[in-house]
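*Asks:* sequence first, predicted coordinates after that:
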Amino acid sequence: MNLRHVERCPGCRYLRNGLPNKAPCPECGEPAPPDEWLILFGWSSEANEWRNLAVIGCVMLATALGLYSTAYLARTAMPAFPGTVVLVAGGVTIARSLLWSKRTHEGGDIVWIIRPDGVELRTPLLTRQWTYLDIEQVLFEYGWRRGSVHLCLLQATVGQAKEATIWLNERDVDARAVHQLLRDRLAAARAAESHRTQPAALNPRASPPPGPS
Ligand SMILES: [Zn+2]
């Protein structure tokens, strides 16, 4: 059962292989993750969209080239302006796809940190945290791409069903085991909570004697 993914820094994805266990990350200073943490890197979407993005960027660059050639052949500056716009947009698109591809090769654009007391989700935009009591259930399903698995946390607040999803590559991590671990932690947290509230329920306050009616 392989629960531990490639050992990367959850802050900057620096490969921690070979670093002393307790050493902070030399790149970003993030403290060494404790042994009880299970850190999962995954994707916010199942599709490897950086390739599509790269194709779109190339089409934009080709279009810009076409517009510039038209302007040159027609000896007019008219199509040159849209050509520049498309050129810049194409460049930005290709830069984004390269960044995305880099993240893909570093394990994905989302990090899940499964701690003994809860779960933390880090995306490029935000960080969210739940205790196990905040979580209603954890869903598991196979994706359409070979080896991809969808794990999803459902938040407990009814009527406000917030989902936190992660696409995992089954080849890197035993997603079934992760799912089981999360379910076990949920069950343990609920059992502890009901144990905590039980004594009060077992000793109900004596009801006042019935008064004269
Ligand atoms: Zn780091």
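*Replies:* In hand now; what should we look at? Computed from a predicted model, the values in this text were never measured in an experiment.
*Asks:* buried ones in whatever helix or strand L99 lives in?
*Replies:* Take DSSP states H and E as the rule and L99 turns out to sit in helix 80-105. Neighbour-count burial for helix 80-105 flags G83, V86, L87, A89, G90, T93, I94, S97, W100, R103 (criterion: 16 or more other CB atoms under 10 Å). C-beta here means a position set from N, CA and C on the backbone, and glycine is covered the same way.
*Asks:* which pLDDT value belongs to the fourth one?
*Replies:* In this prediction, A89 carries a pLDDT score of 95.
*Asks:* go ahead and confirm it touches M60.
*Replies:* Yes. Proximity of A89 to M60 meets the contact threshold set by CB atoms under 8 Å, at 5.6 Å.
*Asks:* close to the ion: what parts of the protein are there?
*Replies:* Within the chain, the positions near the ion by CB under 5 Å from the ion are C9, G11, C12, Y14, C25, E27, C28, E30.
*Asks:* list buried residues within those residues.
*Replies:* Buried among these (16+ other CB under 10 Å): C9, G11, Y14, C25.
*Asks:* ranges for the helices of this protein?
*Replies:* Chain-ordered helices for the chain, with DSSP state H as the definition, fall at 49-73, 80-105, 175-202.
*Asks:* quick one: contacts for the residue most central in space within the chain?
*Replies:* If you average the C-alpha coordinates of the chain and look for the closest C-alpha using CA atoms, centre = their mean, you land on I110, 2.7 Å from that point. The contact partners of I110, by CB atoms under 8 Å, 6 or more residues apart in numbering, come to F41, G42, W43, S44, L121, R122, T123, I166.
*Asks:* about what we covered before: P20: which of the helices of the chain is closest?
*Replies:* Closest approach to P20 among these is made by helix 80-105 (25.6 Å; CB to CB).
*Asks:* next, the angle from that closest one to helix 49-73.
*Replies:* For helix 80-105 against helix 49-73, the angle between stretch directions is 160 degrees (axes from the mean of the first three to the mean of the last three CA atoms, to 10 degrees).
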